[in-house]
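Chemist: Fold the following and give me the result.
(chains A and B)
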Number of protein chains: 2
Amino acid sequence: MSEPATTVRVNLAERGYDIHIGQGLLAGAASFITDRRKAKHVVLITDDNVDGLHADRVADQLVEAGLEVNVMTVDAGEASKDVDVAAELWETMLQEGTDRQSVVLAVGGGVVGDLAGWVAASYARGLTFFQAPTTLLSQVDSSVGGKVGVNLPGAKNMVGAFWQPHGVVIDIDVLSTLTDRDYRAGLAEVVKYGVIMDADFFAMLEANADAINNRDPQTLIQIIARSCQLKAEVVEADEREESGRRAILNYGHTFGHALEAATGYGPLLHGEGVSIGMVCASRLAESMGLIDSGTTSRQVALLEKLGLPTSLPAGQDPAELVSLMWRDKKVQDGKIRFVLPTRIGEVQLFDSPAQQAVVESMR
Amino acid sequence: MSEPATTVRVNLAERGYDIHIGQGLLAGAASFITDRRKAKHVVLITDDNVDGLHADRVADQLVEAGLEVNVMTVDAGEASKDVDVAAELWETMLQEGTDRQSVVLAVGGGVVGDLAGWVAASYARGLTFFQAPTTLLSQVDSSVGGKVGVNLPGAKNMVGAFWQPHGVVIDIDVLSTLTDRDYRAGLAEVVKYGVIMDADFFAMLEANADAINNRDPQTLIQIIARSCQLKAEVVEADEREESGRRAILNYGHTFGHALEAATGYGPLLHGEGVSIGMVCASRLAESMGLIDSGTTSRQVALLEKLGLPTSLPAGQDPAELVSLMWRDKKVQDGKIRFVLPTRIGEVQLFDSPAQQAVVESMR
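Modeler: Okay, here's the model as predicted:
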């Protein structure tokens, strides 16, 4: 069992928690849980991709540590973020005797984390929840923030809760099973943290692009830890998305979500949409005189170095995308709020620029 | 529009709220909401019993006040506390353009309040929620505490959340449409508050049993307000059921739930189960030497004066009921916690008395 290389503490009013980041940490998952909670029964939720890769191993280890474990496996993919899938899990949990002392452990990517988190939040009005995210995207995004939930037909993340985990284990060894494309998609969110909050971190990413591309373990631990830290600062200031501060995390996402929706969710990975979206947002900021073109081109250069797309897929109509944006659930009173950079390391919120300017930013 | 006769303030860490109790208050529901929240769109959830009786009228008034209103009507009865019914409501809400600025208003009894509360808690990770409870039981019970949720097959309230309302309007005029039996069932919870917390209130109920039976408006306002106040004190001390304090509200409920389950939910109303359950719990306390028989007989006398049952329905087997109790979700590590009176006005928690004593208390 390895010692955690790095611990990020998330400080929240109700309850803080630790994120352990390092190599070989999944081998210590049982003690990570039992150090934090007198648990006897663990509901381990995973998907049929991660099951054989990592979850089985974690389950065996929990059993060896004397815990009672039920592994519940859902289909891999976004379609499992669904009310019916949650309902099936709740019924299985009930049959297996899950009670208020049981804990839920999510082993998987964003879909598994979001689903398992909501299942935990709602069963018996809230069970203790642990996460072992297995994709780069979920390690730098879903492990901080407590946003859990499922989709409705036509609306992502429309049903859910804020439910903070009790602890998160990020074992970077699991990233070796990620495809190149999935790995790169996760990097888009890493770049995002640099643009919105931390110019030094952005410069560090520029300087270490090769090590990042080679998945160098120490570099990975460093960039994941810094991403979690930056997200934690935002979430600590605005846990329930009330003050507006948390909105800065949506940099690139208004464009990105519209692109994902327009392409029918799938052809474009979330991180790829965010990568293109950041470039569009940065161009929009340029057109409003907030930044010069150099600020955009630095982002484009870094994203391209990391193998990420920076322009609209062929056949996408900017005008159509704009109308999709105005249908997003974040639109309030017909106004849409854009997160735009004012320099590398800082963003601000702007209400509804002229729709024509938004269209132009995508060309 | 009448002025509220009485306001009970519920003080909670995150957010306090007012309960207005009086006559004719539903006529002022629109301003009650808009005084507390800049709302434009209201999702009014009700059932097909309450719809024509009260909800229509409330909806008309909200529309007159300039609000956009969608009335969503579910089937009356416990079967509507269901994940599928919640999912249908979420999808309809999405189609009607419900967003984070929308508010949910529950007009109905406990089923409608629990369902609508969970629907509100989960849509877009939480909408503002108002309640207009229309049964005595929901007025003295569901309007304080924030417990919302639905049932799973074989397990009541197994999926849900703690979600506090933003305000509650209790219009006692709606009680005139309650059947005698439903009205009396609500009184069981009122008596409960006296036994667990307030000997003076218990004595007041004894002294005013005739006025209560006649549904005298001023007496009703008084007993509802005091019940809400007493429950609020408990919930304020233990909002999320963590310290154990909140468990005292379950006086009579361990027996009552087992009785409801044994009779298949329906033949026995919840309040009737609680009434019988309180007598059983009091007898159990007697057998343990906690109280003398006079403490039980005062409860039996008051409950009987209010037309409530105080002994097991014919054909119920106490031994079978005991095995049902040990299957309740409140059982932790095989131990069951009983709420038992130590005098009128005070209860304490006791872990698992001998099962034979529990059986005897029901004979």
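Chemist: nearest residue to the residue nearest the centre of chain A other than its sequence neighbours?
Modeler: The centroid of chain A falls nearest to A:Asp141 when counting by C-alpha atoms, centre = their mean (2.8 Å). Using C-beta to C-beta, 6 or more residues apart in numbering or on different chains and skipping residues adjacent in sequence, the residue nearest A:Asp141 is A:Glu189, 5.2 Å away. Every C-beta, even on glycine, is put in place using the N, C-alpha and C of the backbone.
Chemist: Tell me if I'm right that the one you found and A:Gly273 touch.
Modeler: No: contact criterion C-beta atoms under 8 Å: A:Glu189 and A:Gly273 do not qualify, at 11.1 Å.
Chemist: Show me what stretch A:119-126 is in contact with.
Modeler: Applying C-beta atoms under 8 Å, 6 or more residues apart in numbering or on different chains, the contact partners of stretch A:119-126 are A:45, A:86, A:89-90, A:93, A:98-100, A:104, A:127-129, A:148, A:160-161, A:163, B:122, B:147, B:149, B:157-162, B:240-241, B:329.
Chemist: picking that back up, now do the residue nearest to the centre of chain A, the pLDDT please.
Modeler: Listed pLDDT for A:Asp141 reads 93.
Chemist: Contacts only, for it.
Modeler: A:Gly110, A:Glu189, A:Lys231.
Chemist: interface residues of chain A facing chain B?
Modeler: A:83-84, A:86-87, A:90-91, A:94, A:99-101, A:121-126, A:147, A:149, A:152-155, A:157-162, A:240-241, A:329, A:331-333 (C-beta under 8 Å from any C-beta of the partner chain).
Chemist: Inside helices: which ones of these?
Modeler: Members of the residues of chain A next to chain B lying in helices (criterion: DSSP state H): A:Val83, A:Asp84, A:Ala86, A:Ala87, A:Trp90, A:Glu91, A:Leu94, A:Ala121, A:Ser122.
Chemist: Contact partners for the third one?
Modeler: Contacts here follow C-beta under 8 Å, 6+ apart; on that basis A:Ala86 touches A:Leu115, A:Trp118, A:Val119, A:Ser122, A:Val150, B:Val83.
Chemist: sorry, back to before: can you select the buried ones among the ones in helices among the residues of chain A next to chain B for me in PyMOL?
Modeler: Of those, the buried ones can be selected in PyMOL as follows, counting by 16 or more other C-beta atoms under 10 Å in any protein chain shown:
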select buried, chain A and resi 83+86+87+90+91+94+121+122
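Chemist: Same list (the ones in helices among the residues of chain A next to chain B) but as CSV, adding distance to A:Leu349.
Modeler: What follows is those, written out as CSV (distance: C-beta to C-beta, whole Å):
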residue, distance to A:Leu349
A:Val83, 32
A:Asp84, 36
A:Ala86, 33
A:Ala87, 37
A:Trp90, 38
A:Glu91, 42
A:Leu94, 43
A:Ala121, 28
A:Ser122, 31
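Chemist: my guess is A:Ser176 contacts A:Arg215, does it?
Modeler: Yes: applying C-beta under 8 Å, one finds A:Ser176 in contact with A:Arg215, separated by 7.3 Å.
Chemist: Looking at the two now, which is surrounded by more residues?
Modeler: Higher neighbour count among A:Ser176 and A:Arg215: A:Arg215, with 15 against 10, using other C-beta atoms under 10 Å in any protein chain shown.
Chemist: Any idea how many residues pack against the closest residue in space to the more buried one that isn't next to it in sequence?
Modeler: Distances taken as C-beta to C-beta, 6+ apart put A:Leu175 closest to A:Arg215, at 6.3 Å, once the chain neighbours are dropped. Counted with other C-beta under 10 Å, residues neighbouring A:Leu175 total 19.
Chemist: ditto for A:Leu62
Modeler: What A:Leu62 shows, counting by other C-beta under 10 Å, is a neighbour count of 21.
Chemist: From the contact counts, what lies against the helix or strand containing it?
Modeler: Assigned by DSSP states H and E, A:Leu62 belongs to helix A:56-64. On a contact count with 3 or more C-beta pairs under 8 Å, 6 or more residues apart in numbering or on different chains; DSSP states H and E, helix A:56-64 meets helix A:29-34, strand A:41-47, strand A:68-74, strand A:103-108.
Chemist: So which bits of it are buried?
Modeler: Neighbour-count burial for helix A:56-64 flags A:Asp56, A:Val58, A:Ala59, A:Gln61, A:Leu62 (criterion: 16+ other C-beta under 10 Å).
Chemist: Quick check: the farthest pair among those residues?
Modeler: A:Asp56 and A:Leu62 (10.9 Å; C-beta to C-beta).
Chemist: Let me know the secondary structure of A:Pro267.
Modeler: Look at A:Pro267: counting by DSSP: H, G, I helix; E, B strand; the rest coil, its state is coil.
Chemist: now what about the lengthiest helix in chain A, what contacts it?
Modeler: Using DSSP H to define each element, chain A has its longest helix at helix A:217-237. Outside of helix A:217-237, the residues within contact range by C-beta under 8 Å, 6+ apart are A:5-6, A:8-12, A:19, A:21-23, A:136, A:139-141, A:143-146, A:170, A:172, A:175, A:189-190, A:193, A:196-198, A:201, A:204-205, A:208, A:211-212, A:243, A:245-246, A:248-249.
Chemist: again, 7 Å this time
Modeler: Identification of contacts with helix A:217-237 by C-beta atoms under 7 Å, 6 or more residues apart in numbering or on different chains yields A:5-6, A:8, A:10-12, A:19, A:21-23, A:139-140, A:143-145, A:170, A:172, A:175, A:189-190, A:193, A:197-198, A:201, A:205, A:208, A:211-212, A:243, A:245-246, A:248-249.
Chemist: And the buried ones among those residues, selectable in PyMOL?
Modeler: A single PyMOL command is used to select the members of the contacts of helix A:217-237 judged buried by 16+ other C-beta under 10 Å:
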select buried, chain A and resi 5+6+8+10+19+21+22+23+139+140+143+144+145+170+172+175+189+190+193+197+198+201+205+211+212+245+246+248+249
